[in-house]
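Trainee: This is a predicted model, with the sequence first.
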Amino acid sequence: MAGYIEDRWYKKDAKGKRTIPTERCNQGKRYRVAGVPGVRDRSFDKLLGMDGARAWLAKAQHESTRGEFIDPRDGSILLREYVEDHWWPNQNYPDPITRATVKGKVWNHILAHLGSKSLNTIKTPQLRAWLKTLSSTLGPGTINDVWGTLSAILQAAVDDERITKNYCRSQRTVRPPARPEPRATAWSRERVLLVRTHIDARVRLAVDIGVGAGLRQGEVFGLAVDDIDYDAQMIHVRRQVKKVGSKLVFALPKGRKTRSVPVPPHLLEQVRKHLDRWPAKAVTLPWGDPEEGETEKEVKERAPQTFSLLLTSARGGAWRRDYFNDTMWKPALEAAGLIDPPKVKKRPIAGKPGAFRTVKRYAEDREMGFHSLRHTFASVQLDARENPVAVSKWLGHADPSITLRIYAHFMPEADGRGRTAMQNWFEGDTKKISPVAPQALEAVVPAPSGAPQDEGVDTSDSVAAAL
């Protein structure tokens with residue numbers, strides 16, 4: 001095989017023994033492995049000696065022949081250097097919020113703790129210590145996300161032939177905590193009405209739309225006059241207001257899908273009353289990304305658009321979610337006795353010696369968030385035995401399985417109906433199971449050979465109904 005070992009300190013004498021000193025004798029590393037196709041030369045000092053050089057040569061020859069050689073020296077690059085110079089510049093996130101979220105996870109939770117380590121030293125002990133550090137400040141869901149991001153970085157390093165193994169993927173003893181199963185909590189009608197009573201009248205419609213149509217908070221803030229279809233009794237969800245950094249933009253709803261939601265006449269009447277008292281205002285925002293586009297296509301896609309919004313702030317602009325929550329939503333919850341008063345602190349104002357501003361901080365409580373109104377909408381629909389596929393469409397979920405996974409506990413008497421159905425099945429009373437049960441059973445269980453067949457009946461729908 002190609003490749004050889006050079007002794008830089010001594011040359012062979014007439015008897016073939018290395019006894020003649022060279023000009024480099026006792027200077028630098030003694031042995032050099034060279035001549036392996038596709039492999040950089042490597043030198044070994046006196047400590048590792050000839051044995052180390054021979055082992056390296058054999059490994060390089062074998063892996064080079066198979067096309068699998070990865071030079072461990074390429075993995076000596078620091079994780080921070082690899083991310084900043086190689087991995088991050090090649091990431092493409094069309095959604096600027098997703099890009100900002102991922103960047104925050106990488107810099108705040110990965111590079112802050114592992115950035116000074118080289119790629120080839122991030123192994124089981126380092127991952128175990130890192131997880132312990134994260135668990136002191138982050139929840140299971142966030143840790144799970146951050147672990148996945150580090151795994152993606154290390155896998156890219158494997159694909160770039162800098163390291164041979166991604167220890168995030170090969171772990172058996174060190175794993176991130178399981179992501180908690182989402183369990184939505186709906187509000188009672190009394191609680192919704194209580195909050196509605198205490199919230200500022202200018203934004204009371206937000207409560208009505210949230211619970212009456214199941215819109216997300218940003219979708220409520222992005223709702224325009226043209227999105228209300230009084231004749232069809234529908235609300236068309238076509239955009240949302242999103243915060244990218246410190247700036248607001250219009251964007252497609254979550255999942256980049258528009259949808260239409262049937263709404264009751266009562267909600268449409270509330271919309272009319274609101275607009276009579278607080279007419280809609282035109283708001284202009286960039287679309288999708290507040291940064292100027294670098295290409296003609298980006299400039300066109302991000303061009304500002306104007307819509308007459310149903311709900312606007314006191315200054316006439318679109319609502320910022322955090323500002324709305326701090327000044328409207330949480331004070332209403334406090335007034336209703338649903339959350340504790342905020343902690344009040346005085347903070348100095350930069351550039352104004354002796355001046356302070358008052359800062360109120362409410363405790364975080366997911367069950368008291370605006371999103372609970374959306375959960376309530378889903379619970380009312382499912383409790384009324386509305387088709388979960390339809391509910392999923394109205395909520396804007398990518399798949400009905402998502403709706404069932406989150407809201408299955410809202411479906412009424414699931415265990416009781418199932419228990420009764422099985423009892424009737426065992427008793428042979430299929431009529432009590434479902435009006436179409438006999439037909440469904442005939443479709444599922446083939447008739448005995450020679451028995452007459454009803455060829456004119458399509459039983460596929462009946463089977464689906466029975467199941």
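Mentor: The structure has been received and is ready for your questions.
Trainee: drop to CA atoms for contacts and neighbour counts, all remaining ones
Mentor: Noted.
Trainee: wait, what's in contact with Ala206?
Mentor: By C-alpha atoms under 8 Å, 6 or more residues apart in numbering, the contact set of Ala206 is Val220, Phe221, Leu311.
Trainee: So what's the residue count around the closest residue to Ser135 other than its chain neighbours?
Mentor: Distance criterion C-alpha to C-alpha, 6 or more residues apart in numbering; nearest residue to Ser135, sequence neighbours excluded, is Ile143 at 7.3 Å. Residues near Ile143, counting by other C-alpha atoms under 10 Å, number 21.
Trainee: shouldn't Ile143 be in contact with Ser136?
Mentor: No. Taking C-alpha atoms under 8 Å as the definition, Ile143 is not a contact partner of Ser136, at 10.5 Å.
Trainee: what helices or strands is the longest helix along the chain leaning on?
Mentor: Ordering each helix of the chain by length in residues (DSSP state H) puts helix 140-159 first. With contacts defined as 3 or more C-alpha pairs under 8 Å, 6 or more residues apart in numbering; DSSP states H and E, helix 140-159 has these neighbours: helix 96-105, helix 124-135.
Trainee: so what secondary structure elements neighbour the helix or strand following that helix?
Mentor: Sequence-wise, the next helix or strand downstream of helix 140-159 (DSSP states H and E) is helix 189-198. Judged by 3+ C-alpha pairs under 8 Å, 6+ apart, helix 189-198 is in contact with helix 204-213, helix 330-335.
Trainee: Centre of the chain to helix 189-198, how far?
Mentor: 31 Å (C-alpha atoms, centre = their mean, to the nearest Å).
Trainee: okay, that helix in PDB with CA atoms only?
Mentor: Extracted in PDB, the C-alpha atoms of helix 189-198 (Å, rounded to 0.1, in the frame of the first residue of the first chain):
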ATOM      1  CA  ARG A 189     -67.900  30.300  30.500                       C
ATOM      2  CA  GLU A 190     -68.000  32.100  33.800                       C
ATOM      3  CA  ARG A 191     -64.300  32.800  33.800                       C
ATOM      4  CA  VAL A 192     -64.300  34.000  30.200                       C
ATOM      5  CA  LEU A 193     -67.200  36.400  31.000                       C
ATOM      6  CA  LEU A 194     -65.300  37.600  34.100                       C
ATOM      7  CA  VAL A 195     -62.200  38.500  32.200                       C
ATOM      8  CA  ARG A 196     -64.300  40.100  29.500                       C
ATOM      9  CA  THR A 197     -65.900  42.300  32.100                       C
ATOM     10  CA  HIS A 198     -62.700  43.500  33.500                       C
END
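Trainee: who touches it?
Mentor: Outside helix 189-198, the residues within contact range by C-alpha under 8 Å, 6+ apart are Arg204, Val207, Ala332, Leu333, Ala335, Ala336, Leu373.
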